[in-house]
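Undergrad: Sequence and computational prediction follow.
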Amino acid sequence: MRNYKSELEAQLKEIESLITLNNKNLARLKNLPEFGVKASTVRGCHQYYLIDKDTGKRKYAGKEKLKLVKKLIQRDYAVATDKKLVDLRNRLDRFISNYDICEVEALYEKLPDARKSMVIPVIEPDDCFIKRWYEAHPGQQNTYHEDGIYQTNRGDMVRSKSEKIIADTLEKYKIPYQYEPMLELGYNTVYPDFVALNVRTRKTLYWEHLGIVSDIEYATKNFKKIQNYEKHGYLLGKNLITTMESEDIPIDVKLVERKIKEFLL
């Protein structure tokens, strides 16, 4: 199960930043006279009245007072915003201090082996999930083309140097992956170059490397392939990753790493 603590901590930092920004706005408005503002709309026109906070008397604010009215309303908004942000910060801080979904996983992990063997955990440990994922996504399913001629660091045989680069980079970041799994897209069976698992989110993504996009026939064929993926719910940047190269421009290794960090870590 995904642990949202880091996201919650990031949200807390954002709230702290907003409090700091809002306090600067309050500081610029702190010397305003202590008037309240009554605002209304009559026949499509906005009308404003200044209210003396001591006597409660109100006075119509003409055009000459609109700059003051604007500052007073901005101040009131900033005061209300500060109150709300501080309240949210305090509540979120208390929640984070007591939140750790890993405690649920730990209940299973701490069981003696004799008990653990009898339990089906409500949150499956990563190693068990990864094992099941490998079983559900077998690799080396494409027997149509020639055998691979490049050996990856993991020992798989792939068909191109670029595929070896991708495989070895996935292995470097300890990303579970399979080479050339089988995937049904409607009535068509395809064999993506890779299928990979984001262990943190437990999300499966497919990876296609387009090797010679400078070739018009090849590029057209693969354009249709990507369209077919997206037609069946595999969207670029969501659950489908692509890389490409041409005769003149080799695969960008740094971009491969960036995509792994963005989608698979």
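TA: Structure received.

Undergrad: For the strand or helix carrying Val256, which helices and strands make contact with it?
TA: Assigned by DSSP states H and E, Val256 belongs to helix 253-263. Packing contacts for helix 253-263, counted by 3 or more C-beta pairs under 8 Å, 6 or more residues apart in numbering; DSSP states H and E, involve helix 161-172, strand 240-244. Bear in mind the C-beta positions are built from the backbone N, C-alpha and C, glycine included.

Undergrad: remind me which residues of the protein are low pLDDT?
TA: 145-146 (pLDDT under 70).

Undergrad: Strands of that one, residue ranges please.
TA: Applying DSSP state E to the chain gives strands spanning 35-42, 45-52, 58-60, 150-151, 157-158, 177-179, 183-185, 188-190, 194-198, 203-210, 240-244.

Undergrad: most neighbours per residue, which of these?
TA: Ranked by average neighbour count under the criterion mean count of other C-beta atoms under 10 Å, the strands of the chain are headed by strand 177-179 at a mean of 24.

Undergrad: Could you list the residues in contact with that strand?
TA: When contacts are defined by C-beta atoms under 8 Å, 6 or more residues apart in numbering, strand 177-179 is touched by residues 134, 137-140, 148, 152, 156, 158, 163, 167, 170-171, 193-197.

Undergrad: same check, this time on stretch 59-70
TA: If you take C-beta under 8 Å, 6+ apart as the criterion, stretch 59-70 is touched by 32-33, 35, 37, 47-50, 52.

Undergrad: now with 10 Å?
TA: Identification of contacts with stretch 59-70 by C-beta atoms under 10 Å, 6 or more residues apart in numbering yields 32-33, 35, 37-39, 46-52, 72.

Undergrad: Dump those residues to a markdown table, plus distance to Glu245.
TA: As requested, these are exported to a markdown table (distance: C-beta to C-beta, whole Å):
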| residue | distance to Glu245 |
| --- | --- |
| Leu32 | 62 |
| Pro33 | 68 |
| Phe35 | 67 |
| Val37 | 63 |
| Lys38 | 67 |
| Ala39 | 61 |
| His46 | 60 |
| Gln47 | 66 |
| Tyr48 | 64 |
| Tyr49 | 69 |
| Leu50 | 68 |
| Ile51 | 69 |
| Asp52 | 73 |
| Leu72 | 61 |
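
Undergrad: Start from the N-terminal end of the stretch 1-150 of the chain and give the helices.
TA: 5-28, 66-97, 102-109, 113-116, 126-136 (DSSP state H, counting those that start in this stretch).

Undergrad: could these be laid out in CSV, adding mean neighbour count?
TA: CSV is the format used below for the helices of the stretch 1-150 of the chain (neighbours: other C-beta atoms under 10 Å):
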stretch, mean neighbour count
helix 5-28, 13
helix 66-97, 14
helix 102-109, 13
helix 113-116, 9
helix 126-136, 13
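
Undergrad: Look up how far Val158 lies from Ile149.
TA: Distance check for Ile149 against Val158: by C-beta to C-beta, to the nearest Å, it reads 8 Å.

Undergrad: let me redo that: Lys231
TA: Lys231 is 27 Å from Val158, where distance means C-beta to C-beta.

Undergrad: Give the full set of residues in contact with the closest residue to Glu105 other than its chain neighbours.
TA: Leaving out its chain neighbours, the residue that sits closest to Glu105 by C-beta to C-beta, 6 or more residues apart in numbering is Ile123, at 5.1 Å. Going by C-beta under 10 Å, 6+ apart, Ile123 touches 1, 101-102, 104-108, 129.
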